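In: Everything below, folded, please.
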Amino acid sequence: MAGILNAVGNATTGLATLGGLTRPGGLAAPSVIASNIAIPGVPLISFRDYFLTTMESWVTSIPLRTQYIALFSSFPSLLNTNVLQRLEPIQGNKAGFDIDKAKAALASYPLQGIVGCIFLDGASIPDDSVAGGNAPIENNRGFIQGSILEGRGAFSDNNLTLQFRETNTSFVDMIMRPWVILASHRGYVATRSAQDSVKTNITILQYSRTYQNISQIPRKVWNYYNCVPLSVGTRNLSYDTEALEKYDVPFIYDRYTVESNLYIPLPDIISKIGKGSLPRISPLQR
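Out: Residues are numbered from 1 along each chain as shown. The predicted structure is shown next:
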């Protein structure tokens, strides 16, 4: 009788709170021990249905990997024709590295601020890691040596990489290439004012679905600080076929942050309250 009461109690707890995420065994009946082998009990809810129900929640729904933009907080003020032509050997009519007009167009708000950098075609978010090792014990015989954590991986070993499309007025060759040259002369050093800096901050926003007839909102925001481009990709010209040109530009940075957004579907909540029903923000709520 006691076993039956315990099973009923577990069933009530599991169904009432869907508390299997907070207590072991809350979604299934107690396991049966036979010949030292634990045989799972019969589930008290449909795991399939529960999984599908979680897809209705903002927290657990599947995101979109193709919806993202990148924003540059600024472009260096030193990135101009006068500075570049003094740094690089220029002869003749001084047309080499004359980038002022191109920068004015390519770095303008319509091409950089409305939907982020309009030339962006891809982004590679770098990983973060810490090395593991062990604390050696001399002549340890059969004793297990202790595990330890060693140094954190350097950001410079795995850079933030942005991929840009080629257009008639090339963002890569009129902005990024001169920026690489400028940075090589100025160095990755601290400056007294932003006017003398070759660094910028880059924000990458990943968007996801919200509600019908409502714009997408950022689900994740990456912020990279003190970024400087390191190189531009090789150009390959040929007479065979035309193809969309894309070039990778890796950036060094000294720190980063990542932010999340917990979206609450307010229109759905208001609509359900108006109809006299209790809205469900998450299938995990009590």
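
In: would you say residue 225 is within a strand?
Out: Yes: counting by DSSP: H, G, I helix; E, B strand; the rest coil, residue 225 is part of a strand.

In: Spit out the contact partners of it.
Out: 201, 253-256 (Cβ atoms under 8 Å, 6 or more residues apart in numbering). The C-beta positions use only the backbone N, C-alpha and C, and glycine is treated the same way.

In: switch the cut-off to 10 Å
Out: By Cβ atoms under 10 Å, 6 or more residues apart in numbering, the contact list for residue 225 reads 73, 199-203, 253-257.

In: quick check, nearest of those residues to residue 123?
Out: Closest approach to residue 123 among those (Cβ to Cβ): residue 202, at 9.4 Å.

In: Any figure for the gap between the closest one and residue 73?
Out: 7 Å (Cβ to Cβ, to the nearest Å).

In: want to throw the contacts of residue 225 into CSV with neighbour count, secondary structure and pLDDT?
Out: As requested, the contacts of residue 225 are exported to CSV (neighbours: other Cβ atoms under 10 Å; DSSP: H, G, I helix; E, B strand; the rest coil; pLDDT from 0 to 100):
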residue, neighbour count, secondary structure, pLDDT
73, 13, coil, 96
199, 22, coil, 96
200, 20, strand, 96
201, 15, strand, 97
202, 21, strand, 97
203, 18, strand, 96
253, 20, coil, 95
254, 13, coil, 93
255, 9, strand, 94
256, 19, strand, 95
257, 10, strand, 95
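
In: okay, those residues in CSV with distance to residue 120 next?
Out: Shown next, in CSV, are the contacts of residue 225 (distance: Cβ to Cβ, whole Å):
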residue, distance to residue 120
73, 15
199, 19
200, 15
201, 16
202, 10
203, 12
253, 17
254, 22
255, 22
256, 18
257, 20
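
In: any idea which of these is closest to residue 80?
Out: Taking the contacts of residue 225 together and measuring to residue 80 by Cβ to Cβ, the closest member is residue 200, at 15.1 Å.

In: pretty sure the closest one contacts residue 182?
Out: No: when contacts are counted by Cβ atoms under 10 Å, residue 200 is not listed as touching residue 182 (11.9 Å).

In: shared neighbours of those two, anything?
Out: 76, 228-229.

In: now, among those residues, which is nearest to residue 194?
Out: When the shared contacts of residue 200 and residue 182 are compared against residue 194 (criterion: Cβ to Cβ), the nearest one is residue 76, at 8.8 Å.

In: quick one: buried residues of stretch 219-238?
Out: 219-220, 222-224, 226-230, 232-233 (16 or more other Cβ atoms under 10 Å).

In: Repeat that for stretch 99-117.
Out: Applying 16+ other Cβ under 10 Å to stretch 99-117 flags 99, 102-103, 106-107, 111-112, 116-117 as buried.

In: before we move on, what about stretch 65-75?
Out: The neighbour-count criterion (16+ other Cβ under 10 Å) identifies 68-72, 75 as the buried residues of stretch 65-75.

In: got it, and stretch 200-216?
Out: Here stretch 200-216 shows 200, 202-210 as buried, counting by 16+ other Cβ under 10 Å.

In: hmm, which two among those are most spread apart?
Out: 200 and 209 (30.6 Å).

In: Please list all residues in contact with residue 257.
Out: Residue 257 neighbours (Cβ under 10 Å, 6+ apart): 203, 221-225.

In: Can you pull the residues that touch both of residue 202 and residue 73?
Out: The contact lists of residue 202 and residue 73 share 223, 225, 227, where a contact means Cβ under 10 Å, 6+ apart.
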